[in-house]
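# A predicted structure for the sequence below; I have some questions about it.
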Amino acid sequence: MRTALFLLLLLAVAAIPGSLVPQRGVDAQALERYQIQHPTLAPILDNLGFFSVYSSPWFSSVYLLLMVSLVGCILPRTLVYYRALRARPPKAPRNLERLPESRRWETDADLDEVVAHARKVLGRGRARVDVVDTEVRAESGYLREAGNLVFHVCLVIVLVSVAAGGLLGYRGSAIVVDEGGGFSNDLTQYDEFSAGALFDTDRLPPFSLTLDDFRARFQLTGPQRGAPREFEALGRYTSRPGEPERPFDIQVNHPLNIDGTSVFIVGQGYAPVIKVTDGDGNVAFDGAVPFLPEDGTYTSTGVVKVPDAVPEQLGFQGFFLPTAISTGDDSAPISAFPGAANPNLGLFAYYGNLGLDEGDPQSVFILDKDDLTQMTDTDGAPFRINLSQGQVTDLPDGRGTVEFVGLRQFVKFQFSASPGLQVPLWATSIGVLGLILSLGIRPRRTWLRARREGTRTVVEVAGLDRVSRGDLGADIDEIVRELQDEHPVAANDGPDATSTDKSIDDQHEDARS
Amino acid sequence: MTLADYATFSNYAVASATVVIALAWLAYMAEWGFARQVRTPVRERELVTAGGGGDVDAHEADAPPELRRDLAGRMGTSFSILGTLILVAGVVARGLAAERVPWGNMYEFSCAGVAVAMTVYLGLVKTQQVQWLGGIVTGFAVIVLGLSMTVYVPAGPLVPALHSYWLVIHVAAAMIAGSAFLVGAATSVLYLVKARAERLTPNEEDRVGPIWRLPSSVAMDRLAYRVHAFAFPIWTFGALIAGPIWAQYAWGRYWGWDPKEVWAFITWVVYAGYLHARATAGWKGKAAAILALVGFATFMFNYVGVNLFVPGLHSYSK
Ligand code: HEM
């Protein structure tokens, strides 16, 4: 028990760091930001596994040790319990008065009658009773230990099945633009992807989908103006090439299931359609560019990379505001509402080498400015592009034009399959039932011993709770009262009668006065 | 009434309930104050034998201290009942104003949570005579209600992720378990105080003062266990079953080690530690009670700290 307790507390402590620094599998963007903000600390934390705490060796070892300890605990206890189930209620201690609660009285009733009646009374509530000579032994609450064992066995099942689910499943996310943007379930199409060690990525189910329409509704009026109200993604999917297309309607809390893969909306935002012509007047880029929302009014940031531009590659970085309002003469506009009432695109422009040929995979949301030069005005200030929908602007030095052609929306879908993840859920549910038994049932032993003394029968009753709840005394009184109803206390003669010769009610009367 | 009327009523009701529960707290504090003036027979005998009459006169007042003490205690409980009724009305009105269950953001969760906690406390007053917890419970309730004003948002519909009946189940379980955790923590604090006093004052004769009006430390330990034994399965269900099911629908995964989930897990593990400690030699009593308090601290950190300071999917406070 001491080991289990120690490991439990260790597990609690080991879980803390994962809530304080971003986790790789939870929020990759937050992690990127964190690494940029803490250039010296981040690599150290990374080496210690702080960015993936829950799969780090130290966290895993605590939980493995806990599991070993659990199994090492369950096995012997099951054996003990099995024996206890087959055993009879134990013999009464020699001196019943030493037990936490005991009562004694004398009655004129017949010894055998008292014992027979006691057997009935003590055997209530599914207690197990034995009568040996004139001693009644009762034990109840066997289910407590059963519940406890069920609970701990369920914990083992949860630990094992969670680990197995992680090994066999996969999860990834991808951004899909509406008005016909598509996704097919292929590794290359994911923005983020992780799979368990036992998952064969060649066996991704071959479905594909097309997003026709994304509807986002925001609160228009009132104090909660701008709060999201409804997101709905409408489109078509096929579960494998050649199959007929079927429509889908995915909402938050209402995922789509395709062959065991669940598709969820986990994010959304705007994708302005941007057209860039280069210095030669050729269209070098024309497409929808997702800008990631940063706040509740969807002030979004994004990057446009134009590798095909001549004479040099072009890059843009900046903001998209769905409903721009200006705050003053010189300051940049801000977004007032998440819906697209007055879309505005604000960009800084760069030229040079985008660094795409170096082979390192690059995030589409980050502009590698190592080999880029920022374009400036005639007075040397950074050149600023500020476009409403439909507007065009010329870049300095005849490097081309940028046009904010139109506005589409994007949805970040999450695709995940985790086979058997119902198992831990069921195990936890059954575990809770076991827990309720374990915490709710009170194991109790009750004994009654009667003997003949002269013309009277001396009766002694006592009880022992393994887990005290404070109700033992009252319950013993109840038993005594019931016995005394049928076998009244002998008349009180003689000045030496002790309080235990009185009926239980009289004793309480005494206590009250 | 229009929705706006309900919303206004709710705001007034919550504010009034805060005041009334604060009065309950004052009354409970007064009960302790008066209890100090009540001399037990032992003390009086000492005073008489020492011949110090002046001290007795100084405390003379219209009503004997026992009466004032008991009156204050009864007022505390009466104010608690009144405040709870008003608060419940406020929470219900909030639900009517928003046309949904009234626990969709941190403000509502605070109000509804305090309403549940006060109800649990009053239920225990009725069945277990735990008035002695009143000071801590009402004091805590006032703090949480006060804190909730800082995260006030007007009544309105929910963000899409919260459109689920699992919200009702998951949050209701968390509130009930949390209320019981609060009562358990209050009991454990007083248990620690009382157990220490019992240790320092082994002699019955020396046991004077309000603290001896508390139940025995054994009884408090037992109550703490029963309250935690009630709360733990509900917490397990709310945080480890209903929560993950809902997370699966809303975010596409049962469990993702989001900060809120991490701390719910930590709370669960610490309370499992508490239940173990109670059955472990050398950890019974004091160490177990401290673990129960640590468990409550992690619960509160999850509610305050994680909501407000740690970014994550559950940042629903605003
Ligand atoms: C994941 C780890 C564990 C958790 C969450 C856990 C949880 C619990 C809980 C909640 C109880 C309370 C039930 C009750 O009081 O009847 C309990 C009891 C118990 N646990 Fe564990 N446990 C864990 C691991 C272990 C291990 C490794 C052992 C073996 C040493 C163990 C041995 C026991 C025993 C003997 C009891 C009964 C205590 C009593 O009679 O009250 N547990 N456990």
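Cool, got the structure.
# for chain B, what are the nearby residues on the stretch 401-513 of chain A?
A:414, A:416, A:418, A:421, A:424-425, A:428-429, A:431-432, A:435-436, A:439-440, A:468-470 (C-beta under 8 Å from any C-beta of the partner chain). Any C-beta I mention is one placed from the backbone N, CA and C, and that applies to glycine too.
# A:G406 falls within a helix, correct?
No. Secondary structure of A:G406 (DSSP: H, G, I helix; E, B strand; the rest coil): strand, not part of a helix.
# and the residues of the stretch 401-513 of chain A next to chain B, which of them are in strands?
Of those, the ones assigned to strands by DSSP state E are A:Q414, A:S416.
# filter the residues of the stretch 401-513 of chain A next to chain B down to the ones near the ligand?
By C-beta under 6 Å from any ligand atom, the members of these lying near the ligand are A:L439.
# in PyMOL, select just the buried ones from the residues of the stretch 401-513 of chain A next to chain B.
Here is the PyMOL selection string for the buried members of those, based on 16 or more other C-beta atoms under 10 Å in any protein chain shown:
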select buried, chain A and resi 414+416+418+421+424+425+428+429+431+432+435+436+439
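# where in the stretch 101-250 of chain B is pLDDT low?
Across the stretch 101-250 of chain B, residues meeting the criterion (pLDDT under 70) sit at B:159-163.
# what parts of it come near the ligand?
Neighbours of the ligand within the stretch 101-250 of chain B, by C-beta under 6 Å from any ligand atom: B:F232.
# for the ligand, give me its nearest residue in the stretch 101-250 of chain B.
B:F232 (6.0 Å; C-beta to the nearest ligand atom).
# distance check, that residue against chain A.
7 Å (C-beta to the nearest C-beta, to the nearest Å).
# got the phi and psi for the spatially closest residue to that residue that is not a sequence neighbour?
Closest residue to B:F232 apart from its sequence neighbours, by C-beta to C-beta, 6 or more residues apart in numbering or on different chains: B:Y271 at 5.4 Å. Main-chain torsions, B:Y271, degrees, to the nearest 10: phi -70, psi -30.
# likewise B:W255?
phi -140, psi 130.
# ok so A:A324 is a strand residue?
Yes. Assessed by three-state DSSP, A:A324 belongs to a strand.
# and it, how many neighbours does it have?
By other C-beta atoms under 10 Å in any protein chain shown, 23 other residues sit near A:A324.
# per-residue confidence for A:I430?
Looking at A:I430, its pLDDT reads 94.
# which residue comes closest to it once chain neighbours are left out?
A:C154 (5.4 Å).
# for the one you found, phi and psi?
phi -60, psi -40.
# so who does it touch?
For A:C154, the contacting residues are A:A427, A:T428, A:I430, A:G431, A:G434, by C-beta atoms under 8 Å, 6 or more residues apart in numbering or on different chains.
# quick one: contacts for A:A127?
Counting by C-beta under 8 Å, 6+ apart, A:A127 touches A:A138, A:E139, A:S140, A:R444, A:T446.
# what's the answer for A:M67, then?
So A:M67 contacts A:V156, A:L159, A:V160 (C-beta under 8 Å, 6+ apart).
# between these, which is nearest chain B?
The closest of those to chain B turns out to be A:L159 (C-beta to the nearest C-beta; 12.6 Å).
# before we move on, back to that, for the buried ones among the contacts of A:M67, write the corresponding PyMOL selection.
Of the contacts of A:M67, the buried ones go into a single PyMOL selection, burial set by 16+ other C-beta under 10 Å:
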select buried, chain A and resi 156+159
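# near chain B too, which of the contacts of A:M67?
Counting by C-beta under 8 Å from any C-beta, no member of the contacts of A:M67 reaches chain B.
# turn the contacts of A:M67 into TSV, including pLDDT, distance to A:Y170 and secondary structure.
Below are the contacts of A:M67 laid out as TSV (pLDDT from 0 to 100; distance: C-beta to C-beta, whole Å; DSSP: H, G, I helix; E, B strand; the rest coil):
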residue	pLDDT	distance to A:Y170	secondary structure
A:V156	92	25	helix
A:L159	85	21	helix
A:V160	86	20	helix
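# next, count neighbours for the residue nearest to B:F232.
27.
# can you redo the contacts of A:C154 as a markdown table with distance to B:W32?
Shown next, in a markdown table, are the contacts of A:C154 (distance: C-beta to C-beta, whole Å):
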| residue | distance to B:W32 |
| --- | --- |
| A:A427 | 48 |
| A:T428 | 43 |
| A:I430 | 46 |
| A:G431 | 42 |
| A:G434 | 42 |
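# and which of the residues you listed is nearest to chain B?
Chain B has its nearest neighbour among those in A:T428, at 5.2 Å by C-beta to the nearest C-beta.
# for that closest one, what are its contacts?
Contacts of A:T428 by C-beta under 8 Å, 6+ apart are A:C154, A:V158, B:T236, B:L240, B:I241.
# the domain parsing of chain B - what is it?
B:1-104+B:131-141, B:158-318 (automatic domain parsing).
# what's the most buried one of those?
domain B:158-318 (a mean of 20; mean count of other C-beta atoms under 10 Å in any protein chain shown).
# what sits up against stretch A:238-248?
Stretch A:238-248 is contacted from outside by A:205-209, A:233-237, A:256, A:258-259, A:263, using C-beta under 8 Å, 6+ apart.
# from those residues, which is closest to A:P290?
A:A233 (14.5 Å; C-beta to C-beta).
# what helix or strand does residue 139 sit in?
No chain was given, so I picked chain A. Here A:E139, judged by DSSP states H and E, is contained in strand A:135-140.
# actually, chain B is the one I wanted.
helix B:134-149.
# who touches that helix?
B:14, B:17-18, B:21-22, B:24-25, B:28-29, B:31-32, B:73, B:76-77, B:80, B:83, B:87, B:106-107, B:110-111, B:113-114, B:117-118, B:121, B:125, B:182-183, B:186, B:189-190, B:304.
# quick one: it to chain centroid distance?
Centroid separation between helix B:134-149 and its chain, computed with C-alpha atoms, centre = their mean, to the nearest Å, is 8 Å.
# pull the CA atoms of that helix into CSV?
This file holds the C-alpha atoms of helix B:134-149, laid out as CSV (Å, rounded to 0.1, in the frame of the first residue of the first chain):
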residue,chain,number,x,y,z
GLY,B,134,-20.8,26.7,8.4
GLY,B,135,-18.1,29.3,8.9
ILE,B,136,-15.8,27.7,6.4
VAL,B,137,-18.4,26.8,3.8
THR,B,138,-20.2,30.2,3.8
GLY,B,139,-16.9,32.0,3.8
PHE,B,140,-15.7,30.0,0.8
ALA,B,141,-19.1,30.5,-0.9
VAL,B,142,-18.8,34.3,-0.6
ILE,B,143,-15.3,34.3,-2.0
VAL,B,144,-16.3,32.2,-5.0
LEU,B,145,-19.4,34.4,-5.6
GLY,B,146,-17.2,37.5,-5.3
LEU,B,147,-14.6,36.0,-7.7
SER,B,148,-17.4,35.1,-10.2
MET,B,149,-18.2,38.8,-10.5
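# in the stretch 201-318 of chain B, what residue is nearest chain A?
B:G252 (3.5 Å).
# any idea how far that residue is from B:W246?
Counting by C-beta to C-beta, to the nearest Å, the gap between B:G252 and B:W246 amounts to 12 Å.
# how distant is stretch A:292-306 from the center of its chain?
29 Å.
# same deal with stretch A:276-285?
Computed by C-alpha atoms, centre = their mean, the chain-centroid distance of stretch A:276-285 equals 49 Å.
# ends of that stretch, what's the gap?
Terminal residues of stretch A:276-285 are spaced 5 Å apart (C-alpha to C-alpha, to the nearest Å).
# next, the buried residues of that stretch.
A:V276, A:T277, A:D278, A:G279, A:A284, A:F285.
# surely the fifth one is in contact with A:K305?
The one in question is A:A284. No. With contact defined as C-beta atoms under 8 Å, A:A284 does not count as touching A:K305 (10.5 Å).
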